[in-house]
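Colleague: Could you work out the structure for the sequence below:
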Amino acid sequence: INYCYLWEVIVMLVGAVASFVIVTIVAVAYGFLLHHLHEQTYFFSALSTIERRLTFTSEQAFYFSFFDRATSVLSKEKNSSFIGKIQSLLQEFSYDTHVEHPYTINSLKKFNIYPEICLSLLFDAYSSSSFSQIHKPICHHYNRQDLPSFITCTGFGVPEYFYIDAVFGMQSLVIIFLSYATWVLSGGSFASVCLFLLFYFANLTNITRVMNAPPLRECFGFPLACICFTICIAVIMNSHHKMSVLDRSWRFLLLALLCLFFILSWQFAPFVLLTLLLCVTMLKIIGIVDFQSAVLIWAALAVSWTIGILLMMGNEYMLSSLFTSSLIGCGLLYWVGSDVKGSARHPIMRGVAQVFALLFAIILVKSFFSHIGFTNDAHIMNLLRSKFDESFATFHTRIYTCSSVFSFVSWNEIIGISKSGLIPLGCLTIVAVVLRVVLSAIDNLNSKPRGDGKQEKIKNSLVLAQSSRFAAMAFVSFLTIAFALQSVAIMRLKMLSLPLLCVCASVLASPVFRSGLVSHRFLRILIGFFVIISGAAAGFVTLNTLPRLVARQGEFNDAATVELVHFFLEKTPPYSSVASLMPTTSSLLATANNPTHPLRIVNHPHYEYAYMRNTTHSMYTVYAFVTDANVHKTMRAKAVDYVVINQRKCNQERHSGCNILNLYELDGVKRQSSTTFCERWGQKTYTSSPLFKKEFENQRYQVLKVLNVDD
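Modeller: This next block holds a predicted model:
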């Protein structure tokens with residue numbers, strides 16, 4: 001009996017079981033932690049229904065409104081079959097008159113609302129099941145000095161709680177699948193899994209904002225993206241093992257299915273999948289990832305993307321995206337790769353030729369889509385240019401860049417993340433892996449094929465570079481580098497790079513990985529000490545950060561907006577149309593729109609479409625130096641009934657560069673009046689004119705009724 005081998009097997013099994021138990025416990029606890037942090041931030045349980053929905057701001061409120069409408073539709077279809085309920089939901093959202101008045105649009109085509117549809121169906125199933133009778137909502141009566149008394153309920157049977165708890169539950173998938181990816185890449189190291197968890201929770205506030213903003217698309221999309229990354233790692237890890245057709249088929253189907261869910265849940269999915277595809281393709285060109293694995297991943301992405309476009313009714317933004325062009329370009333490269341390979345005598349020139357062929361194909365396809373009129377993503381290049389060219393800015397680019405989440409990552413944040421040891425250790429891993437990739441690429445590109453078509457054996461020092469584990473680690477490292485570069489320019493994308501950086505840093509805790517990465521014994525020992533120091537730093541930061549987060553007390557208080565909502569519910573006729581700032585219209589759609597009192601909005605925060613960018617530009621003229629007549633003409637062109645003015649925006653510091661007036665000056669809009677429209681109507685004595693009538697006013701808002709010329 002080989003006792004050494006038996007001991008290794010026992011240690012591996014114990015480590016696997018321990019990893020599984022700890023990750024499961026932490027993943028479940030993570031969902032409860034996020035629920036607790038959300039409760040502590042807003043005192044959510046003590047809020048009225050309107051106030052709870054007002055905690056969802058801008059894009060959050062906009063998407064939650066679809067869930068609210070879907071649950072209302074399903075509540076009327078209690079006796080219908082499942083197919084009948086689906087048909088009712090399709091009818092509701094395929095002919096939507098609520099979100100882009102005065103037009104009827106197909107919301108399924110324009111917005112990523114499939115998560116809300118799925119959650120509404122789950123909520124309907126839960127409400128009809130026996131579980132809802134066992135776990136009934138708990139209700140409380142609250143009396144306040146500033147607002148009328150109200151009854152509010154908590155529990156899974158309350159739509160708002162069902163929605164946010166489902167989102168928090170999804171975040172557990174991030175812990176589970178990234179922990180699994182760490183375990184696989186590290187060769188089954190229990191220490192690596194524990195280190196990953198320490199790094200993740202030490203940097204929790206930098207990694208996610210789901211506890212403060214559950215309905216964001218990224219809260220649905222990122223867990224699914226992590227599953228897609230993990231499946232790609234598994235595909236690459238098995239590339240050097242002979243897989244049966246059945247094995248490849250189920251991996252293909254699983255990846256395609258998860259990528260489809262990801263595509264339907266987040267409008268940013270094309271950029272994430274584009275990064276993934278290009279990383280795989282580059283590694284395939286230099287010989288790190290084998291041809292079959294690259295084609296399997298490409299095919300799964302192509303199938304899921306095609307089905308996604310069909311399910312979103314031919315979404316033009318998806319059709320014109322750079323990811324579509326890249327899919328076609330990579331497909332052509334894989335198809336004619338052998339011809340390109342044979343046409344170049346020198347192997348390095350062969351790789352360069354493939355890269356240029358890929359870029360040419362992508363540019364050609366993208367130019368074709370632009371030529372036939374698909375220009376919804378035209379603002380992206382302007383946005384990127386404005387990030388790096390301070391002299392260039394437009395109204396639309398400033399709408400993005402004036403938001404803190406679209407700013408550059410500050411040095412203070414980088415230093416804060418580094419204190420946990422994540423950046424130093426992660427960068428060490430990535431640098432070491434990239435060096436191995438470069439050596440392997442040089443060896444692969446310079447290797448001459450034999451007469452039988454097989455390559456010569458590579459040097460012993462490059463054995464790791466040819467292994468499936470290293471190929472998968474190279475994929476994760478390249479993916480992390482790509483997302484890190486994106487997140488430096490757009491802070492919001494930290495959520496993509498930091499979790500993967502946690503994986504990269506954690507694998508160094510594995511003796512198996514260290515011994516394969518570094519051949520010198522002294523360096524391996526030195527890296528081991530560095531890992532211990534980084535782990536201690538991560539543990540220290542975690543022990544200081546988590547208790548502070550858990551103990552944090554907050555409270556939601558927005559009486560002015562609550563009054564505004566009550567005005568629209570009680571003082572305006574059904575089917576009224578509203579124009580205002582995008583966050584305001586979204587909040588009204590989520591709170592003041594119901595089956596008995598339908599409300600329609602003119603503009604919303606889904607800014608990716610050219611039509612909505614132009615509409616928002618015209619609706620925001622109430623904050624510019626324009627005459628009442630011009631504003632009235634603009635509003636009547638969109639059949640607007642009410643205009644809501646936010647005086648905080650009107651009185652915002654004008655030299656900040658982010659005042660709406662500054663945004664119009666960037667576009668060269670000439671002054672038509674000595675005062676802005678909102679300033680005139682902010683005066684107490686200015687209550688009516690032949691074109692507008694002030695219907696409501698409080699310390700923050702004025703609501704103007706747009707009069708017909710005949711009124």
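Colleague: can I assume residue 62 is in contact with residue 589?
Modeller: Yes. The pair residue 62 and residue 589 passes the contact test of CB atoms under 8 Å, sitting 6.5 Å apart. Any C-beta I mention is one placed from the backbone N, CA and C, and that applies to glycine too.
Colleague: what is in contact with those two at once?
Modeller: Listed as contacting both residue 62 and residue 589 by CB atoms under 8 Å, 6 or more residues apart in numbering are 99, 604.
Colleague: can you pull the contacts of the residue nearest in space to the middle of the chain?
Modeller: Within the chain, the residue whose C-alpha comes closest to the C-alpha centroid is residue 218; the distance, by CA atoms, centre = their mean, is 2.5 Å. Contact partners of residue 218, counting by CB under 8 Å, 6+ apart, are 266, 268, 492, 495.
Colleague: For the stretch 551-700 of the chain, which residues score under the pLDDT cut-off?
Modeller: Low-confidence segments of the stretch 551-700 of the chain, defined by pLDDT under 70, span residues 653-657, 667-668.
Colleague: Helices of that one, residue ranges please.
Modeller: Under the criterion DSSP state H, counting those that start in this stretch, the stretch 551-700 of the chain contains helices at 559-571, 582-591, 610-619, 628-637, 647-650, 660-666, 677-682.
Colleague: and if you look at the stretch 201-350 of the chain?
Modeller: Using DSSP H, counting those that start in this stretch, the helices of the stretch 201-350 of the chain run over residues 204-207, 217-237, 245-265, 269-285, 291-311, 316-319, 322-343, 347-371.
Colleague: Which among the helices of the stretch 551-700 of the chain is found nearest to residue 38?
Modeller: When the helices of the stretch 551-700 of the chain are compared for distance to residue 38 using CB to CB, the nearest one is helix 582-591, at 16.8 Å.
Colleague: Poorly predicted segments of the stretch 51-200 of the chain, please.
Modeller: For the stretch 51-200 of the chain, residues meeting the criterion pLDDT under 70 lie at 146-147.
Colleague: what's the span of stretch 515-529 from first residue to last?
Modeller: Start-to-end span of stretch 515-529 (CA to CA, to the nearest Å) is 14 Å.
Colleague: Please tell me how far residue 85 sits from residue 117.
Modeller: For residue 85, the distance to residue 117 equals 10 Å [CB to CB, to the nearest Å].
Colleague: can you check residue 227 too?
Modeller: Taken as CB to CB, the spacing of residue 227 relative to residue 117 amounts to 20 Å.
Colleague: Those two: which is more packed in?
Modeller: Here residue 227 and residue 117 are set side by side on neighbour count (other CB atoms under 10 Å), and the busier one is residue 227, at 24 against 21.
Colleague: Tell me which residues touch that one, please.
Modeller: With contacts taken as CB under 8 Å, 6+ apart, residue 227 has the following neighbours: 173, 177, 258.
Colleague: change it to 10 Å
Modeller: By CB atoms under 10 Å, 6 or more residues apart in numbering, the contact list for residue 227 reads 173-174, 176-178, 180-181, 254-255, 257-259, 261-262.
Colleague: quick one on the thing from earlier: can you tell me which two in the contacts of residue 218 are farthest apart?
Modeller: By the measure CB to CB, those have their two most distant members at 266 and 492, which lie 12.2 Å apart.
Colleague: wait, which of the contacts of residue 218 is closest to residue 607?
Modeller: Looking at the contacts of residue 218 and their distance to residue 607, the nearest is residue 268, at 12.6 Å (CB to CB).
Colleague: doesn't residue 483 make contact with that closest one?
Modeller: No. Shown here, residue 268 and residue 483 do not form a contact pair, counting by CB atoms under 10 Å, at 11.6 Å.
Colleague: which neighbours do the two share?
Modeller: Shared between the contact lists of residue 268 and residue 483 (criterion: CB under 10 Å, 6+ apart) are residues 493, 496.
Colleague: So for those two, which sits in the more crowded spot?
Modeller: Neighbours around residue 268 and residue 483, counted as other CB under 10 Å, are more numerous at residue 483. The numbers are 24 against 18.
Colleague: quick one: secondary structure of that one?
Modeller: When the structure is split into helix, strand and coil by DSSP: H, G, I helix; E, B strand; the rest coil, residue 483 lands in helix.
Colleague: I'd say it and residue 498 touch.
Modeller: Yes. The criterion here is CB under 10 Å, and residue 483 meets it with residue 498 at 8.7 Å.
Colleague: Determine the number of other residues adjacent to residue 31.
Modeller: A total of 19 residues lie near residue 31 under the criterion other CB under 10 Å.
Colleague: What pLDDT does the model give it?
Modeller: Per-residue confidence for residue 31 comes out at a pLDDT of 95.
Colleague: my guess is it meets residue 223, correct?
Modeller: No. Shown here, residue 31 and residue 223 do not form a contact pair, counting by CB under 10 Å, at 11.2 Å.
Colleague: joint contacts of the two?
Modeller: Contact criterion CB under 10 Å, 6+ apart; residues shared by residue 31 and residue 223: 167, 169, 170, 171, 172, 173, 175.
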